[in-house]
Structures are given as structure tokens and as C-alpha cells.
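Trainee: From the sequence below, what's the structure:
(chains A, B, C and D)
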Protein chains: 4
Amino acid sequence: MTRTLDALNAFPAPDFVAALGGVFEHAPWVAEAAAARRPFGRVEDLFAAMREAVAEAPEARRLGLLTNHPELAGRAAREGRIAPDSIAEQASAGLDRLSEVEYARFAALNEAYRARFGFPFILCIKRHGRASLLRNFARRLEADRADERRTAEAEVLRIAAIRLNALVVGEGPLGTNGRISTHVLDIAAGRPAAGVAVDLAECVSETETVVVARTRTNADGRTDDPLIGGRPVPIAAYELRFRLGDHYRAAGLDLPDPPFLDIVTLRFGVADPEGHYHVPLVATPWSYQTYRGS
Amino acid sequence: MTRTLDALNAFPAPDFVAALGGVFEHAPWVAEAAAARRPFGRVEDLFAAMREAVAEAPEARRLGLLTNHPELAGRAAREGRIAPDSIAEQASAGLDRLSEVEYARFAALNEAYRARFGFPFILCIKRHGRASLLRNFARRLEADRADERRTAEAEVLRIAAIRLNALVVGEGPLGTNGRISTHVLDIAAGRPAAGVAVDLAECVSETETVVVARTRTNADGRTDDPLIGGRPVPIAAYELRFRLGDHYRAAGLDLPDPPFLDIVTLRFGVADPEGHYHVPLVATPWSYQTYRGS
Amino acid sequence: MTRTLDALNAFPAPDFVAALGGVFEHAPWVAEAAAARRPFGRVEDLFAAMREAVAEAPEARRLGLLTNHPELAGRAAREGRIAPDSIAEQASAGLDRLSEVEYARFAALNEAYRARFGFPFILCIKRHGRASLLRNFARRLEADRADERRTAEAEVLRIAAIRLNALVVGEGPLGTNGRISTHVLDIAAGRPAAGVAVDLAECVSETETVVVARTRTNADGRTDDPLIGGRPVPIAAYELRFRLGDHYRAAGLDLPDPPFLDIVTLRFGVADPEGHYHVPLVATPWSYQTYRGS
Amino acid sequence: MTRTLDALNAFPAPDFVAALGGVFEHAPWVAEAAAARRPFGRVEDLFAAMREAVAEAPEARRLGLLTNHPELAGRAAREGRIAPDSIAEQASAGLDRLSEVEYARFAALNEAYRARFGFPFILCIKRHGRASLLRNFARRLEADRADERRTAEAEVLRIAAIRLNALVVGEGPLGTNGRISTHVLDIAAGRPAAGVAVDLAECVSETETVVVARTRTNADGRTDDPLIGGRPVPIAAYELRFRLGDHYRAAGLDLPDPPFLDIVTLRFGVADPEGHYHVPLVATPWSYQTYRGS
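Mentor: Purely as a prediction, here's the structure:
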């Protein structure tokens, strides 16, 4: 349930903690500390207070933030014994639909990680596609203990920021959202290409892609909504697919069979989940182009 | 074995027929008629003489040109009982490597076609990818008898032209060759992109692609040889794949992980097997473009 | 002075006429007729009422709308004996700064036109650059009398629409505004090009250009305001000039001397004064591109 | 008069010196020294022998190579008292057509230079446009004496290389030639744009351009000959001008009036006189693009 910052400022402390206690997993004490520092003029200030509460907490509590985190695709997640936000986050990365082989792989990685570092592997999975998640897991298993502790704490803060942003509306929201958008221009006709069917697919592995958005361009050649928006864009390779041949045939052009261009596919990588990836298609029946726009 | 036109002009008639008797399948009489019209100044003239011999032949012989042709992927082909040129042509389209299901499909199409028209389905398969071959087969099964007779005779002439071109060297070669070429320009650096790994794949079906050429760009950003050349370009959809991310990493650029552009894929259709498809890649680490060039 | 449509609806009729009497030159009767049809929900409805008043007026009054119009660059204009709106309109086209030779040319054209049609040459000059104005004048001198009468009346309505739009604020404004905008993208760096100096010049003749806007791109690579906006874009050829070489030098790039690209000039024509001309520059130090965007 | 390297190898020494004595201005001793080192397998080897003869010459002779050089646009040039090659070279830069004011400017620069360095200002003017020549002159007036001596000697060698290349044909020609070429592609139609009128102009100053080549594209969208070729490309800014609007109107397209694109002008700088500047135009009626190609 989303509240305004003003309402939260006015809440009795227990209600405030009830509302925001889940921002840090199994650690309502962070919200309690923040409650005492009210009022906040901006969501950023509220989050800064939470971050300070963490920074000033005794070691046992700070370590608890890590040890209390559920494993990714772990037994607890599988059996539904994790916080609702965690369930949703893990599902968003498809971790609730793994094959037995994949579960086994995660189990082995989780065990190796916990054996080495003494806490579970923590990653803000809303910021990662499947391939990126596995790349990160393998890389961090090799990390130095002190570095990895810092990395894990930073991930806890990233998870908390996204959760907080979803719970509170107010000035100064946290910059946790990225965006993928497109724009189709027909430079043979000198106008936006309207009605072009567009798919966005995430490349979840070398060989597998999953369509994550399906839409058509509007009269301005854009899509009514961003293809991904209002959330981080998972680090991954993506494919934008445009039915350009259909578009030109529908416009009455006499194309060869097969046409020179039919389904145009733009493949691009997202490395910055909070970035805006504007990936336009500038086309004629005989040419096309893309670039990172703005 | 390739001969010069001059040598063929000087051959005794039986040697001339021995050399060119296979240009029209099981029909040495075409070469015999052409032998009597020597000498020829240009390969085109020799082919015109053969075409006229066909045009002036009595109906039985003309129909024989069709009925004597082997079926595509038929029992005779499978058992090696067809002319060597036909064996090679069918192999070039992969018809010697069909699954049992595919053989069965061809058998059914061949039977339906022969029942309707009285002669086997004839297509110059060097000019068609697998998908185009099957599209043609299905479409021509629906054709009017008189139209289809003309279509079949035209295909016999196309097959003969390619065979003749391969056997004779001289002025005025027949225009049976097409070409796919590319050129990679790095417009961030203002120079050709050298050493870029490039694959050309044919899309043999909706879901399957087969790499037909693998090379690297030279110092001028081109490939030393065309990706397809010296023969017709089979009607098909193709993919050019460029390892652009590797190229920029090798050049020492600091790219994000994953890079915005990694393997760039240009998909385009070829409808004119004798055409020149120049498909350049004009790129930076953040943009790319293609067009039908020249 | 700008009024709201609501205020105008509530005015006593004489005040309404005082406010809008100048929309049609020397013809307050049009406003009087519209006053009687109040109230209006939209500015478009108010204008439709004025247009109908004109359409239903007796011939003498309609002809008066034409004959009462001031000549372009005529003696009355020169001596300040025309309506204030006309003074401003003629100044916007530079007609108040003509040389003696140019005045003489206009005088001759005006005389020829009046002799042929019996009323002065009327053109909505806010919609035309100097070259277009003269082209129009020459072309219309050749027109058929009946056609030309219709053309002149249509121009009176265009002038009135722009004047009305400037006087009234409300729902349903008249679509009299066009726009020129730009956007500079650095596709070598994969981001907007900020701080690029941009000039927009109008080509007033074959050899003469006049800078009409001078600005810099902002952090998004756009200009804070359109280069032309909130008014019709005069029909003309324009040049956008970008100091791209300075931009890249300021960014620390080591360019040749002279650089391959220094001042990049995009020349384009505007034929639709109410259109949106988005003319981006997509550039690297070694390439650039533009297209009609949206 | 051009000779083959083989012929020069076989000449009696006096004939060899007669043929190549003018390669270094007023210094036949360089050719004499080279004559003694014959035969040469490549033009490069002949030039290397001349360069060594200079390097090994006593100081007085080396200084004489500089002091004997004619001034640019100097009195001797004006009165025809310089070597024929120098006359042609100075004319190629327009130095024979200066106004009195310009002559006076050169006279002042020449005097200041000679006073400072003791020899005339020497520049290989075939490698410089007017603006570059003046920029160089001003910059070198500020140079350190020892540096400037080296610069002047290097320019003498550049002048000699171009002269030698023009006199001798053989293997291993000197790399003194650059090139400007273009290619017009119509990516709305997917084919080369044939018959497009193209001008190449050199920007001789901030405000003045001079057309140096005028041609049309051929069936392949290229020009039959490079716009500049077979000589160094003078360091300068250039403009390529394409009559794109005429081209599309001639093709029957219904363009607005004025068209969005009419005369397209690409302005680019040449900093490397021996480089190949391929500057294509990739266009539709609503877009265009250029890049440094190859």
C-alpha cells in the first residue's frame, strides 16, 4: 500500500514502522530509527535516515541484515517461507520457474557462497536479467571477503531503495527507475511510422529469448508507454523486433518477395538499470539505423 | 571441364556435343543443333543458338526436355540415377540431406505435381533457398496448365544457362551470377573497421539458420572475397553477423558490460538471385546502420 | 491585450467589439455579428462565427474586406497610416526595411495587381519568408479573377485567425502555430551533445541569409525553446548551423587541423507554416546525419 | 615530358641531368649525384638517392637550396623570372591572380620572413589551399630558427617529390597523390542515385568559395573520375553540393514547394593532402547523411 510522505510523517511511530518495517528484510529496527528522525521533506531524506541508521548500527545488527536475507532460489523461497516482497522479486527474475537442474545449480552456488562468506548471496535481482545474475554470482564467489561484505551491504540498500520507492509517494523520489523506449521514423516518407508492431525480448541465455513487451507504435511513431518503465531495467541483452515489412506492405508499397527488410531486429545491451535506453528505428524499405538516443 | 569459346568453335562436332551435351538434361540434340551454327563470337550467341534450337524443336522433343528432368529430392536422385550436374545442384540446396519426413513431403508434392501436369516439377534450385523452393512448389501446384508449361520451360533454360556458363569461357558470359558483399565503417574513428569477424547465414526456415560464409574484414573494412559470388544468390532471407563488441574491445575501448552493441545482426531478403546485394555496416559503439548499397 | 474566452463571453457587446474589432481590418461589423452569437465554448467556435458572418455578408461588405486592406510595403504602410497589427505584420517580414529599389518593385507589383483585380494584393505575411512572398505575388498576378478573389478571401481569414489567436485564450485555440526544433546526438559517445552553439538562419534570397535564432543545446542535446515556435513558420529555406568542431575540441578530442567537420550546416525548406519541423543532428567527428523527425 | 625509369637508367648522364635537373630548383647537382648511383629499380629508390645527395651535400649547397627558391607571390614570380614548375605551382594556388592588397600582404610577410631566417618562405603550395597557406606563413614566422630550417628543407623535398612523380613513370611511385570522391545512394529507392549534379568548391576564405569540379553521378551513383585526384588535395575546407531536389523532381516525385531538401551541401575539411577523402551522400527526400568513407 502506497502512502504519501506527509501521511507517514504524521503517523504514530508504530504505524510508521508497520508501513515501512519490511523495507529492510526482517529488520524493523531500521524503520524504528527513522521514525524518530521525522519529519522528512523528501523521500530521499527518509531513505538517507534509514541508511544512517544502518551505518550506525552495531556490528551484530548489520551482519544480521545479511544473514537474515533469503537465498536466491533457495529452499525457503521454494517453500514460500520468505517475505512477500522477496517472493515477488525472485519471481520477477523467473527464479520461481527454474528446472530441477537449475535449482540444483543455484543450491550448489548458494552453499559455496555461504561456506566462504558466512551469509547468503544477496543481489538486487530487479536490476539483473538471468544471465547477469549468474555472471555476478560466479564473479562474487571469487571476491575478497572485505570487498564482498561491502558489495552485499550495497545490494541490501539497493533492494531497500526500490521497496521504499514503491511504498512512499512524495517529493524527491529515489532514482531507482530506468526505461527502454523506442521511436520509429519512416525517412522515405518523412514522417513517424504509425501502427508498427514492436516486440521487446530479453535474451535470458545465449539461445533463449523471452518477449517482455508487445505493442504497436502510435501516430507519433512512439509507443504509448515505455517498453520497460517505472522500475529498474534488468541488466541483460535485449532485442527490439519491428514488423517493418508488414508496415510497408500495409502502406501499399510494392516490395520484392522476400522484401529486403521484413522483421528488423535491434539487439542491444543494458548495463545501467537506472538509465534511459532510447533505441529508435530510422528506416526506409531499403535501410535502417539505430543509435542510443535520449 | 572448362573450355574457351574459341576451342569449342574449332572442335569437331562430336567433341562439341560431348562437351556441351549435358547442358540440357538428357538432350544432346540441343548441342548438336548449336554445333551446326558455329562459329560464335560470344557465349551469349552460343546460348541464343541453343535456345532457338529448343524453340524450333518439335513438340515431342520439347516435352521430353521436361519429362526427362529428374524430380527434386526424388527416388532417382536418392539412388544416384540422375545426371552429375543435377546431383550437384540438388546437393547445393541440401536436398541430399533431408530427413525422412522431408523426403516424404517432397514425394507427396512431386506426385501431386506430376499427376496434375504430366511432367516433374522443375526449378533452377541454384536460385532458391529451401524456404523459397517450398513456397514455389506450393504456388506452382495451383498454376494454370499453360502458364506452368511456360514456367517449367523457362526454368530449364535457367538451369542450362548456369551449366553453360560453368563450361565455357569467352566474351559475353551469361548474366547468371549474383553477389552478397559488405563493408564495415567505423564512423566514430573515421576509418574502415579492420579485422571484424563476419558470418553470413542463410535462414533456411523460420527457426533455422545455416552459416554459409565466415570471414574477417580486411584493412579496407571489406572482405577479400564477396560473401557469395560467382553464382546466383539463392532467394532467401540472410543474416550478416558482425562481432562489433569484440572489435571495439580489441581496439582498447572501455565498453560497458554488457556493451550496448555486441554481435550486430543485419537480416535482409534476397529476391533477385542475379543482383548485387551490398549490405554495409556503418557503426560506432553506440549506433549502427545499414542500407542496400552498390 | 489578451483576454480569456470566458471574459469575452461576459463583455457588453461594445466592449467585445472594441476587443476584437481589429481582427478583420477596418471591419468591426464582423465582431458585431459574432457578439450576437455568444457564448462560445471554444475559440474555434468564435472564429467559425466570424467566418460565417463574413460568408453571409452582402457582396459590398465582402469586397470591402479586400479593398480596405493595406498594400504590402505600400505608401500607406510607409507613412504609418495602416492598422497597428498590419504594421507589426509587415515589419516581421522586413517590409519596413526595404531599399528604394525594393520599394519601387513592390510599388510596381501593387499597381499591376490592383489594376488587374481591383483590390490590393493580400497575403498573410506571417506565413511567408521574403522569397516566398515575391514568388506568390508573381504567381497570383497571373491568376484567374475568380480564383484570385477566393485566394484573397482565404488570406484575409488566415490573417484574422492569427490575430484572434493572439487576443483570446481559451479551449480550442486555432491551429496557426508551427515549430522548428532540433536535437544534437553524439553517437560516438552515445549521449546527447550538450552546449553546442546553434544558429538558425532564414535564406531571404539566393545569396542572403539572416540569423533568426541563436542558442546552445542543453544537457539533453535539445534547445530550451523551439528555434521558432508560437507562430507560423514563414515559408522559406532555412539553415541550421552547429559548431560541432568547437564542441569536440572542448570535449578534449584531438581533431585534425582543419577538422573533418567544423561548422555543420543543414539546409531545409519549410512549405507548411503550421507544421512541426524537427531537424536533428546525429553526429560523430567523422559523420553526420539529419532527417525530418517528430 | 614523362619518361620511364628504364629509359632514365639508360640515358647518358647529361641527358639524365637535363631531364631531372629541375626537380630541385636551380640545383642540377642533385640530379648529377643521383645519375652516378644508377640503375634504380623503383622511383622511390631514385628519390631516396636524391634525398641522400642533399643530406650529404656541404652546408653551402644545402643552404643554397633554400636561398635559391623563389618567394611565393614575390616580385620574381610576378615578373616571370622563376622556373616553369614554380610558375605552374604558384598559379595552382591562385597566387598569380592576387589583388594589389594581397600582393602587398605577401610582400610584407616575405620580407619579415627573410629578415628573420635569411632565406625565403618555402611551402609546397600544391598541398595547401589559400587559407592554409596564410595560416602556415603566420605560424612559421614565429618558429624557432633551427626548427624552421628543418621545416623549409622538408618542404623542398615535398616539392621535389611531386615534380619527380610527374616526370618519371615506373614501379614504386611516390605517394604524393590524394583524392576526393563521392557516391550518392538513394535509400528510399534502394539504389544508386544517377544523374545527380555535383559541385566541389574550395572555401578559399571565410566568405569565398571557388568551384573546383563540376560533374554528375553515373549509373552507379559515383562520378566517373574523382573530384580531385592524381595530385595532392590542398589542405582546406571544401563543400560538396548536390542538386538533390532536382534529382527527385526529375524522378517524378511530388515534393513540397520549397522541398524539404533541395541543394544539399556537405562541408568538410582536408588536413591530409595525400589522404583519400570519400564523402558519400546517403539520402531520401527527407533525410541525408555523410561520413568519411573509404
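
Trainee: pretty sure residue A:8 contacts residue A:169?
Mentor: No: Residue A:8 is beyond contact range of residue A:169, at 9.8 Å (criterion: CB atoms under 8 Å). Bear in mind the C-beta positions are built from the backbone N, C-alpha and C, glycine included.

Trainee: Can you name the residues of the stretch 51-200 of chain A sitting close to chain B?
Mentor: residue A:132 (CB under 8 Å from any CB of the partner chain).

Trainee: Please look at residue A:137 and residue A:122 and confirm they touch.
Mentor: No: counting by CB under 8 Å, residue A:137 stays clear of residue A:122, with 10.7 Å between them.

Trainee: more neighbours, these two?
Mentor: residue A:122 (25 against 19; other CB atoms under 10 Å in any protein chain shown).

Trainee: Could I get the full set of helices for the stretch 151-294 of chain A?
Mentor: For the stretch 151-294 of chain A, the helices defined by DSSP state H, counting those that start in this stretch occupy A:244-250.

Trainee: And the strands in it?
Mentor: A:168-169, A:178-181, A:184-186, A:191-192, A:197-203, A:209-216, A:228-231, A:236-243, A:263-270, A:276-278, A:281-284, A:287-291 (DSSP state E, counting those that start in this stretch).

Trainee: Mind listing residues that contact the last one?
Mentor: Going back to what we said before, that points to strand A:287-291. A:244, A:261, A:264, A:266, A:268, A:279-283, B:284, B:286-292, C:185, C:187, C:190, C:282, D:187, D:190, D:282 (CB atoms under 8 Å, 6 or more residues apart in numbering or on different chains).

Trainee: ok, for residue A:138, nearest residue in space, not its chain neighbours?
Mentor: Nearest in space to residue A:138, with sequence neighbours left out and distances taken as CB to CB, 6 or more residues apart in numbering or on different chains, is residue A:109 at 7.7 Å.

Trainee: Quick check: that neighbour vs residue A:13, distance?
Mentor: Separation of residue A:109 from residue A:13 (CB to CB, to the nearest Å): 40 Å.

Trainee: So which of those two has more stuff around it?
Mentor: Taking other CB under 10 Å, residue A:109 and residue A:13 do not tie; residue A:109 has more neighbours (19 against 13).

Trainee: which helices and strands does the one helix or strand that one maps to pack with?
Mentor: Element membership of residue A:109, judged by DSSP states H and E, is helix A:100-117. Secondary-structure packing of helix A:100-117 (3 or more CB pairs under 8 Å, 6 or more residues apart in numbering or on different chains; DSSP states H and E): helix A:130-141, helix A:145-167.

Trainee: Least confident of those, on average?
Mentor: The weakest mean pLDDT among the helices and strands packed on helix A:100-117 belongs to helix A:130-141, with a mean of 93.

Trainee: which helices and strands does that one pack with?
Mentor: The helices and strands touching helix A:130-141, judged by 3+ CB pairs under 8 Å, 6+ apart, are helix A:100-117, strand A:236-243.

Trainee: Of the ones you listed, flag the one that's most buried.
Mentor: The highest average neighbour count among these, using mean count of other CB atoms under 10 Å in any protein chain shown, belongs to strand A:236-243 at a mean of 21.

Trainee: Is that one in proximity to chain B?
Mentor: Yes: contact of strand A:236-243 with chain B (CB under 8 Å from any CB) involves A:236, A:237.

Trainee: Run me through the strand neighbours of that strand, direction for each.
Mentor: strand A:197-203 (antiparallel), strand A:263-270 (antiparallel) (DSSP bridges).

Trainee: who touches that strand?
Mentor: A:128-132, A:180, A:182, A:184, A:196-204, A:209, A:227, A:262-270, A:279, A:281, A:283, B:258, B:262.

Trainee: Make a ChimeraX selection of whichever of these turn out to be buried.
Mentor: The ChimeraX command for the buried members of those (criterion: 16 or more other CB atoms under 10 Å in any protein chain shown) is given here:
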select /A:128,129,130,131,132,180,182,184,196,198,199,200,201,202,203,204,209,227,262,264,266,267,268,269,270,279,281,283 /B:258,262
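
Trainee: and residue A:274, what does it touch?
Mentor: Contacts of residue A:274 (CB under 8 Å, 6+ apart): A:175, A:176, A:177, A:178, A:232, A:233.

Trainee: Tell me the one of these nearest chain B?
Mentor: residue A:233 (12.2 Å; CB to the nearest CB).

Trainee: hang on, the closest one packs against residue A:200?
Mentor: No: look at residue A:233 against residue A:200 with CB under 8 Å: they stay out of range, at 10.4 Å.

Trainee: Overlap in contacts, the two.
Mentor: residue A:180.

Trainee: picking up where we left off before, tell me which of residue A:8 and residue A:169 has more neighbours.
Mentor: Per other CB under 10 Å, whichever of residue A:8 and residue A:169 has more neighbours is residue A:8, with 23 against 15.

Trainee: quick one, phi/psi of that one?
Mentor: phi -60, psi -40 (degrees, to the nearest 10).

Trainee: Quick one: neighbours of the residue in the stretch 51-200 of chain A that chain D sits nearest to, just the number.
Mentor: Of all residues in the stretch 51-200 of chain A, the one sitting closest to chain D is residue A:190 (3.1 Å; CB to the nearest CB). Neighbour count for residue A:190, taken as other CB under 10 Å: 19.
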